[in-house]
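[1] Okay, predicted coordinates and the sequence, questions at the end:
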Amino acid sequence: MAEISANAVKELREKTGAGMMDCKKALAEAGGDPAKAEEVLRKKGLSAAAKKATRAASEGAVGSYVHMGGKIGVLVEVNCETDFAARNEAFQTLVKDVAMQIAASAPLYVRREEVPAELVAKELEIAKAQAREQKKPEPIIEKIAQGKVDKYYKEICLLEQPFVKDDKKTVQEVITEQIAKIGENIQVRRFARFVLGEGIEKKTENYAEEVAKAAGLK
């Protein structure tokens, strides 16, 4: 049996909010693997953070981040359960970190459930076509394609992206840790990312084309 360190127990407790003894037992059952131990806690219904994630969150804060001398700007709404928690320094820091994440990593959606089904289907078909082009065996093409789609989710979905301050964690894992520490459900609701000048050239070209058509030149 793997030796369970006090530090490993402490880290699992901070991440899940479960009791010390429950964390120790889960780590022992998982052979010392923190990810497997977290799954053990969830299956047993002992992860406090997982329970809190189902509660309503209607308070919170709108955070902002401006980068590169005003070239990139972000607004993000992060919700919690109470105004008291919204004023908590740890929560405010989290909101700023999430805004910085969006500025740096340019996600398109908050979570994978928001990605349009037709977009996912298109990525799946492209991945399958690429696998067939590489002469991969037909029985494993679906698995290969699904793996590429999962990678795609990690690129475009905020919660699945590696956290910019610690790429060993996802943004969702960082939020889950704060749920355990603050004691309230925390959800990223929406965001907007602005890049200076984005789309102007395209709009200008379209306008010029429309003028040419109206003049009978096209």
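    Received it, and whenever you're ready, just let me know what you need. Keep in mind that this is a model prediction, so the values were computed, not measured.
[2] In contact with the residue positioned nearest the centre of the chain: list those residues for me.
    The centroid of the chain falls nearest to residue 159 when counting by C-alpha atoms, centre = their mean (0.8 Å). Residues in contact with residue 159, defined by C-beta atoms under 8 Å, 6 or more residues apart in numbering, are 110-111, 170-172, 175, 188. C-beta: built from backbone N, CA, C; applies to glycine.
[3] What are the boundaries of the helices in the protein?
    6-16, 20-29, 34-43, 48-52, 83-86, 89-105, 117-133, 138-156, 171-182, 200-214 (DSSP state H).
[4] now those helices as CSV including distance to residue 71 and mean neighbour count?
    As requested, the helices of the chain are exported to CSV (distance: least, C-beta to C-beta, whole Å; neighbours: other C-beta atoms under 10 Å):
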stretch, distance to residue 71, mean neighbour count
helix 6-16, 35, 17
helix 20-29, 44, 19
helix 34-43, 38, 18
helix 48-52, 36, 19
helix 83-86, 29, 16
helix 89-105, 10, 19
helix 117-133, 28, 13
helix 138-156, 21, 14
helix 171-182, 23, 21
helix 200-214, 13, 10
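[5] Can you check the pLDDT for the residue nearest to the residue nearest to the centre of the chain when sequence neighbours are not counted?
    Once flanking residues are discounted, residue 159 sits nearest to residue 172: 4.1 Å by C-beta to C-beta, 6 or more residues apart in numbering. Note on residue 172: pLDDT of 91.
[6] was I right about residue 172 contacting residue 160?
    Yes. Residue 172 lies in contact with residue 160 (C-beta atoms under 8 Å); the separation is 6.7 Å.
[7] tell me, what's touching those two both at once?
    Common contact partners of residue 172 and residue 160 (C-beta under 8 Å, 6+ apart): none.
[8] quick one on the thing from earlier: CSV for the contacts of residue 159, including distance to residue 59?
    Formatted as CSV, those follow (distance: C-beta to C-beta, whole Å):
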residue, distance to residue 59
110, 18
111, 20
170, 24
171, 20
172, 20
175, 16
188, 14
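[9] show me what contacts the nearest residue to residue 166 once chain neighbours are set aside?
    Spatial nearest neighbour of residue 166, excluding adjacent residues (C-beta to C-beta, 6+ apart): residue 174 at 7.6 Å. Each residue near residue 174 by C-beta under 8 Å, 6+ apart is listed here: 94, 97, 163, 166.
[10] Domain map for the protein?
    6-52, 59-110+162-201, 116-154 (automatic domain parsing).
[11] before we move on, back to that, generate CSV for the helices of the chain, with distance to residue 66 as supplementary columns.
    Formatted as CSV, the helices of the chain follow (distance: least, C-beta to C-beta, whole Å):
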stretch, distance to residue 66
helix 6-16, 31
helix 20-29, 40
helix 34-43, 35
helix 48-52, 31
helix 83-86, 22
helix 89-105, 8
helix 117-133, 29
helix 138-156, 23
helix 171-182, 20
helix 200-214, 19
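[12] Since that was my last question, I'll sign off now.
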